[in-house]
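Colleague: need a structure here:
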Amino acid sequence: MPRQTRQDKNSSTGKKQRTSHTKSRMGCLACKRRHIRCDENYPQCQNCTKRKVECPYRDKLSRGELLLQASPGNTPFKPCCRPWSAKSRAQAKQWKRTGSMPVSDDHIRITLQPTIYSEYDLCFVYLAASNQQKLTKMGFLPSSINCLISFFRIASSCRLAMNGVLALSAYHIASVTHCQHARRKEYQYQMLAIQDLGRCLSNLGPENADGALVASMALLWLCEDMSSRGQIAAGISAILQTCQGLGHQSAFCRMITQAWRQTAHLHTTPKPECGDTNGLQHIIAEMRKFEEILEEHEPDDDTWRQLRLLIALAEDLIKVEPSTPADKQFERFRLLRYYKLWLPLNDLLTDKDLSSILMVNAYLHAVVLYTPPQTSQAYMIDLGVNLPSLLNETLRQIRPVEPYVRLLDELKVILSPM
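Modeller: Presented below is the predicted three-dimensional model:
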């Protein structure tokens, strides 16, 4: 189609005429967001080359390449970066000096003695607490967050539980910042928690049962191999049985027992819809529609990228069958967890488009619920969270604004049999 030139109203004064162009349909996303013409040169357009940025074409990577790129083992870590800001470090120093916790929130009560912890320890605790405070102010309090808030209260007086909390916080920071130091500290805290847990279980009683549960749940969420996950899950069941025999009925123990039973029931007696590949295909189709909407409304790069990764994983999960080797099934689960399944809240803390982030989280929970049962039953029980409840909470938080209303209604229809 030939270009059309429209006369500028000030052309009589000698100003340059403005030339319109046909809208690029196949151009890269960076040019679309900047509203400039893309030369559609693959894999790198001229505009992105000039700006010295990677050119984000929609179909630049195949599904296999996306999943390989997203694997935790393939994530490059930065050896010299700081895992926290100067402000966070200053807050931790003040906490150690004054003994006053920088985060003041009725839901988050941490009354530990800061002098017995290192500055690094306090930084990790402060970041975890401040993140939870921000989420409570947003009104986002699913059962997983309530569980973590309880972790803080128990960790204040139990070093075993604190090591579990520190490991979770270090993992969270490492997954966001790709900081090698944070990942190294995560492994150190895990090893300390494992050693302390072994000593605790040899003399388990009402006084240390809650701390053992906190450390066990943290270790299970962070576990990297299938055999260890099974052992820790069995250990948590044994701890809960011991608590029942001892008559230990703390509020935290009751909460974990209820969540554990709900999750076990969900995965040992799944509904017929669980593992329905047709349902999973419908969700994939809806995610494709949402992907197009994000492209049209100048999406945040991270949100769009997470959606693409989730689509690729969902398409891969359809191929999982009972005959699929266990290690392959477990790798799919590891990717689900890496997509923040156990705590899909990272992007909620970034002050970005909340509705689009929650939509991706809703699709994530929906994919898990429709995941083939041989995967979900075997490896998802450790979540300790009622996923349907978490999904409903996520859907409730999404504001019914255009252009998400239709997609939100369609997702609710797909999930109605669950």
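Colleague: Spatially nearest residue to residue 313, not counting backbone neighbours?
Modeller: residue 335 (5.6 Å; C-beta to C-beta, 6 or more residues apart in numbering). All C-beta atoms are positioned from the backbone trio N, CA, C, and that covers glycine.
Colleague: Looks like that neighbour contacts residue 314 (just checking).
Modeller: No - between residue 335 and residue 314 there is no contact under C-beta atoms under 8 Å: 10.7 Å.
Colleague: So those two - more neighbours on which side?
Modeller: residue 314 (23 against 20; other C-beta atoms under 10 Å).
Colleague: Am I right that that one is in contact with residue 282?
Modeller: No - using C-beta under 8 Å, residue 314 makes no contact with residue 282, being 10.6 Å away.
Colleague: who touches both of those two?
Modeller: With C-beta atoms under 8 Å, 6 or more residues apart in numbering applied, the contact sets of residue 314 and residue 282 do not overlap.
Colleague: quick one: the residue nearest to residue 313 is in a helix?
Modeller: Yes - using DSSP: H, G, I helix; E, B strand; the rest coil, the assignment for residue 335 is a helix.
Colleague: Spell out the secondary structure type for residue 198.
Modeller: When classified by three-state DSSP, residue 198 comes out as helix.
Colleague: dump the residue contacts of residue 159.
Modeller: With contact taken as C-beta under 8 Å, 6+ apart, residue 159 is in contact with residue 196.
Colleague: quick one, domains of the protein?
Modeller: Listed domain ranges for the chain are 25-60, 86-268, 277-415 (source: automatic domain parsing).
Colleague: JSON lines please, covering those domains and showing mean pLDDT.
Modeller: As requested, those are exported to JSON lines (pLDDT from 0 to 100):
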{"stretch": "domain 25-60", "mean pLDDT": "74"}
{"stretch": "domain 86-268", "mean pLDDT": "84"}
{"stretch": "domain 277-415", "mean pLDDT": "73"}
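Colleague: now the helices: where do they sit in the stretch 251-400 of the chain?
Modeller: If you assign secondary structure with DSSP state H, counting those that start in this stretch, the helices in the stretch 251-400 of the chain sit at 251-268, 277-296, 301-317, 326-338, 354-369, 373-379, 387-397.
Colleague: In TSV, list these along with distance to residue 191.
Modeller: TSV is the format used below for the helices of the stretch 251-400 of the chain (distance: least, C-beta to C-beta, whole Å):
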stretch	distance to residue 191
helix 251-268	23
helix 277-296	38
helix 301-317	30
helix 326-338	20
helix 354-369	30
helix 373-379	23
helix 387-397	30
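Colleague: Which stretch among those is buried most, on average?
Modeller: Across the helices of the stretch 251-400 of the chain, averaging neighbours per residue (mean count of other C-beta atoms under 10 Å) puts helix 354-369 on top, at a mean of 23.
Colleague: and residue 318, what are its phi and psi?
Modeller: Note on residue 318: its backbone torsions stand at phi -60, psi -30 [degrees, to the nearest 10].
Colleague: And for residue 403?
Modeller: Residue torsions, per degrees, to the nearest 10, at residue 403 are phi -100, psi 30.
Colleague: How many residues are close by it?
Modeller: Neighbour count for residue 403, taken as other C-beta under 10 Å: 15.
Colleague: quick one: which of the helices of the stretch 251-400 of the chain is nearest residue 404?
Modeller: With C-beta to C-beta, the closest approach to residue 404 among the helices of the stretch 251-400 of the chain belongs to helix 354-369: 5.8 Å.
Colleague: between the closest one and helix 387-397, how many degrees?
Modeller: Taking axes from the mean of the first three to the mean of the last three C-alpha atoms, to 10 degrees, one finds helix 354-369 and helix 387-397 inclined to each other by 160 degrees.
Colleague: tilt between helix 354-369 and helix 277-296?
Modeller: For helix 354-369 and helix 277-296, the angle between their directions (the same axes, to 10 degrees) works out to 160 degrees.
Colleague: Could you measure from residue 290 over to residue 30?
Modeller: Between residue 290 and residue 30 the computed distance is 20 Å (C-beta to C-beta, to the nearest Å).
Colleague: make that residue 258, sorry
Modeller: Between residue 258 and residue 30 the distance is 48 Å, computed by C-beta to C-beta.
Colleague: ditto for residue 47
Modeller: Here the distance between residue 47 and residue 30 works out to 7 Å (C-beta to C-beta).
Colleague: next one: residue 252
Modeller: Here residue 252 is placed at a distance of 48 Å from residue 30 (C-beta to C-beta).
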